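Asker: how would this look folded up:
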Amino acid sequence: MEKKENRHWFLLQHEPLDVGAAFAFLQTPRAGGIDLFVGTTRQWTGDKETTRLEYDCYEAMALKEMERLAGEACERWPVERVFIAHRLGVVPPAEASVVVGVATPHRADAFEACRFLIDTLKQQIPIWKREVYADGETEWVEGPAPPRI
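Answerer: You can find the predicted model right below:
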């Protein structure tokens, strides 16, 4: 699922995320600061070895919430462009599961807006993460609680 406009690009996809495409989209002559956060699957969580992460989400709502968060960031900081992408399905260690980026005239605003977006995304967007460990155990972690069916 994707929504791309002149200043905003939002993606939810099962394929690997393209960090280079995110950076290229964020580049604009009006921005002197680009901050790009890439979250990857780590192999170790404490003393447990993670073999993969599995992401699920309510795609239509997640995309709407990404738009809402971008709008809030644009109200708080002089954001020229926003990029938010999240991987769905299985993500093995060392691969990107989330890419968030902003372009602003100055670096301080870029840092603050990007930090706001990734932190708020993790708390509010309906994307759920399950860690699968080498010992066969699994655990749902972070994010909002999955809906009851």
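Asker: so residue 34: helix, strand or coil?
Answerer: Following DSSP: H, G, I helix; E, B strand; the rest coil, the label given to residue 34 is strand.
Asker: can you give me the strands for the chain?
Answerer: Assigned by DSSP state E, the chain shows strands spanning 2-4, 8-13, 33-40, 44-45, 48-57, 81-87, 89-91, 96-104, 127-133, 138-141.
Asker: packing partners of the shortest one?
Answerer: Pointing back at strand 44-45 there. Helices and strands touching strand 44-45, as assessed by 3 or more Cβ pairs under 8 Å, 6 or more residues apart in numbering; DSSP states H and E, are absent. Quick note: C-beta positions are derived from backbone N, CA and C, even for glycine.
Asker: who's sitting farthest from the centroid in this protein?
Answerer: Distance from the C-alpha centroid of the chain, by Cα atoms, centre = their mean, peaks at residue 135 (27.8 Å).
Asker: so who does that residue touch?
Answerer: Residue 135 makes contact with 48-49, according to Cβ atoms under 8 Å, 6 or more residues apart in numbering.
Asker: which residue sits closest to residue 65, ignoring its sequence neighbours?
Answerer: Closest residue to residue 65 apart from its sequence neighbours, by Cβ to Cβ, 6 or more residues apart in numbering: residue 125 at 4.9 Å.
Asker: just for this structure, where's the confidence low?
Answerer: Counting by pLDDT under 70, the ranges of the chain that qualify are 142-149.
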